[in-house]
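> Provide a 3D model corresponding to the input given below.
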Amino acid sequence: MNPADILKRVDHTQLKPFATWDDIVTLCREARRYKTASVCVPPTYVTRIREEFGDDPVICTVVGFPLGYSSTAAKLEETRRAIRDGAREVDMVINISDAKNGRFGEIHDEIKALKDELGGRILKVIIETCYLDEAEKIRLCGIVTETGADFIKTSTGFGPAGATLEDVALFKAHIGPKVGIKAAGGIKTVADLEKFIEAGCGRLGTSGAVALLKGGQAMGY
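Sure thing, here's the model as predicted:
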């Protein structure tokens, strides 16, 4: 697979709690050079990135991250702030406890509220598959579809396990045609990148894609 075809699907990610501004600048410069889909960064850096880099790269940030159990009101305020600061994409974490308690109506309403706030901006919904059984995952595929969210995402990368090809296949069988799939967590090789794209992922969340592809083959630009 051509490196450019992989990188245009990558959310070039730096979400470590100790990320420095120098780390973020490097991330953004790489994203510009190698034309990744976005940079995915902590909310605290969105304004500085917009001031330094403008609209290139596309800025994605996170809401309710990484545990998901903040209130809907708090997630809405995070979303409004992200929009004001210049983010064009948001990756939100569902309330996983609600899923385990069967409170799917609350999850539906929360996702819908955030999507309504974002309007035409992209919303990716992280369901953190490692904590869910198959029936819960299938129900959440339906909710993500019903609410008009743009992507269903496997993982935060902060849980005990990340993306699997089995979960991607499950998503593909149960989401609507307008919903994309984002895999994140544990994508560590070029072969992983290719396998997840071939399985149907329109986005990949990883910090290592640029380095992997630079190390494995000529980038060509």
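> When you work out contacts or count neighbours from here on, use the C-alpha atoms and nothing else.
Fine.
> quick one: the strands in this protein?
10-13, 38-41, 59-63, 89-93, 122-126, 151-153, 180-184, 203-206 (DSSP state E).
> Reformat those strands as a markdown table; add mean pLDDT, distance to residue 214 and mean neighbour count.
Shown next, in a markdown table, are the strands of the chain (pLDDT from 0 to 100; distance: least, C-alpha to C-alpha, whole Å; neighbours: other C-alpha atoms under 10 Å):
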| stretch | mean pLDDT | distance to residue 214 | mean neighbour count |
| --- | --- | --- | --- |
| strand 10-13 | 98 | 14 | 26 |
| strand 38-41 | 98 | 18 | 28 |
| strand 59-63 | 98 | 23 | 26 |
| strand 89-93 | 98 | 26 | 25 |
| strand 122-126 | 99 | 27 | 24 |
| strand 151-153 | 98 | 26 | 27 |
| strand 180-184 | 98 | 20 | 26 |
| strand 203-206 | 98 | 14 | 26 |
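> Output stretch 64-73 as CSV, restricted to C-alpha atoms.
The C-alpha coordinates for stretch 64-73 follow below in CSV (Å, rounded to 0.1, in the frame of the first residue of the first chain):
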residue,chain,number,x,y,z
GLY,A,64,-14.5,13.3,28.1
PHE,A,65,-11.1,11.7,27.6
PRO,A,66,-10.0,9.1,28.5
LEU,A,67,-12.5,7.7,31.0
GLY,A,68,-15.8,9.0,29.6
TYR,A,69,-17.7,9.4,32.8
SER,A,70,-17.8,13.2,33.1
SER,A,71,-21.2,14.7,32.8
THR,A,72,-22.9,15.5,29.5
ALA,A,73,-22.9,19.2,30.5
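> which parts of that stretch are buried?
64-69, 72 (16 or more other C-alpha atoms under 10 Å).
> Would you point out which residue is most central in the protein?
Nearest residue to the geometric centre of the chain (C-alpha atoms, centre = their mean): residue 91, 4.7 Å.
> thinking it is in contact with residue 118, fair?
No - Residue 91 is beyond contact range of residue 118, at 11.4 Å (criterion: C-alpha atoms under 8 Å).
> Show me whatever sits in contact with both of the two.
By C-alpha atoms under 8 Å, 6 or more residues apart in numbering, residue 91 and residue 118 have no common neighbours.
> where does this structure have low pLDDT?
Within the chain, the stretches with pLDDT under 70 are 215-221.
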